[in-house]
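Asks: starting from these lines, generate the structure:
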Amino acid sequence: MTASYPKHSDKSAIRDAATVIVLRDRMTEPRVLMGQRGAKAAFMPNKFVFPGGAVDAGDAAIPLARPMPEGCTARLRDDSETDIAHALAAAAIRELWEETGQVLGQPGDWSDPPPADWDSFAATGHLPDASALQFVFRAITPPGRPRRFDARFFLVDATALASDPDDFSPACDELSHLQWVPLATARHNYDLPFITEVVLAEIEARAHDPAPPASVPFFRNDDESNLFKRLYGARLPD
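Replies: Residues are numbered from 1 along each chain as shown. Now for the predicted structure:
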């Protein structure tokens, strides 16, 4: 898959999305959490992917026990028309829970009743916690695909999970064959989307470095030429 930046006329077809790369045993034998999309899925059928999905309208109002680090939110603001860091963080945590049953949160009670799509997460006794999320990659789905996303990829260490990393029982059925895939062989042994291969190479190169990246790769396309750039973090106004 070649990432792209849309023409102005089809921008409305692109949805903001969050994808989560959970990295386990990073200092010894790094593994990442992946699952397989269904054969009848409209987007990337049969492919092995990271958990993730589109931002929902209500994600911006979800309370976070702690936000993402400021450096990550600054890079999320770079080359973006609006600041949706909070919504992206909430979407990442929600999608991780829905698709894998893994909880990224800390114990706490919700001050208000949670929205319906957060009921089961709240029932675990946790508030979503975005402090361990690191923004590491951004890519836009090329034109001509049945669905298009402006996807931000977030890396999180498995030690930040509040759940058993081997228990996928609460997961929905959107991803099958959930498993911890060895990072060293993932690009060779699984049927992956092209952009997933690119992201895996980026993660493999920095697997032993727990610090957030100083800059984030961004793949975009204007239908005439491919463009790769790096996001360093927009400066806040004085």
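
Asks: distance of Ala17 relative to Phe154?
Replies: Ala17 sits 11 Å away from Phe154, going by CB to CB, to the nearest Å. C-beta coordinates here come from the backbone N, C-alpha and C atoms, glycine included.

Asks: and for Ala123?
Replies: 24 Å.

Asks: one more: Glu95?
Replies: Distance from Glu95 to Phe154, by CB to CB: 10 Å.

Asks: give the residues shared as contacts by these two.
Replies: Common neighbours of Glu95 and Phe154, using CB atoms under 8 Å, 6 or more residues apart in numbering, are Ala18, Thr19, Val20.

Asks: out of those, list just those in strands.
Replies: The strands, defined by DSSP state E, take in Ala18, Thr19, Val20 from the shared contacts of Glu95 and Phe154.

Asks: coming back round to it: more crowded one of Ala123 and Phe154?
Replies: Phe154 (28 against 10; other CB atoms under 10 Å).

Asks: is that one in a helix, a strand, or coil?
Replies: Here Phe154 is recorded as strand under DSSP: H, G, I helix; E, B strand; the rest coil.

Asks: number of residues surrounding the closest residue to it other than its chain neighbours?
Replies: Distances taken as CB to CB, 6 or more residues apart in numbering place Leu133 nearest to Phe154, at 4.5 Å, with adjacent residues excluded. Neighbour count for Leu133, taken as other CB under 10 Å: 28.

Asks: with Ile62 instead?
Replies: The number of residues packed near Ile62 is 23, by other CB under 10 Å.

Asks: also Gly144?
Replies: Neighbour count of Gly144, defined by other CB under 10 Å: 9.

Asks: tell me how far it lies from Gly53.
Replies: Using CB to CB, Gly144 is found at 21 Å from Gly53.

Asks: ok, now Arg37?
Replies: 11 Å.

Asks: do Phe168 as well
Replies: Counting by CB to CB, the gap from Phe168 to Gly53 is 17 Å.

Asks: before we move on, what about Ala205?
Replies: Taking CB to CB, one finds Ala205 at 26 Å from Gly53.

Asks: the two: who's more crowded?
Replies: When Ala205 and Gly53 are compared for neighbours, Gly53 comes out ahead with 21 against 9, by other CB under 10 Å.

Asks: just for the chain, where's the confidence low?
Replies: Scanning the chain with the threshold set as pLDDT under 70 gives 1-12, 39-44, 221-226, 234-238.

Asks: please redo it, this time with the cut-off set to 50
Replies: Within the chain, the segments meeting pLDDT under 50 span 1-12, 236-238.

Asks: which residues of it fall in strands?
Replies: With DSSP E as the criterion, the chain has strands spanning 14-24, 31-37, 48-49, 52-54, 105-107, 126-128, 134-140, 148-157, 175-182, 216-221, 226-231.
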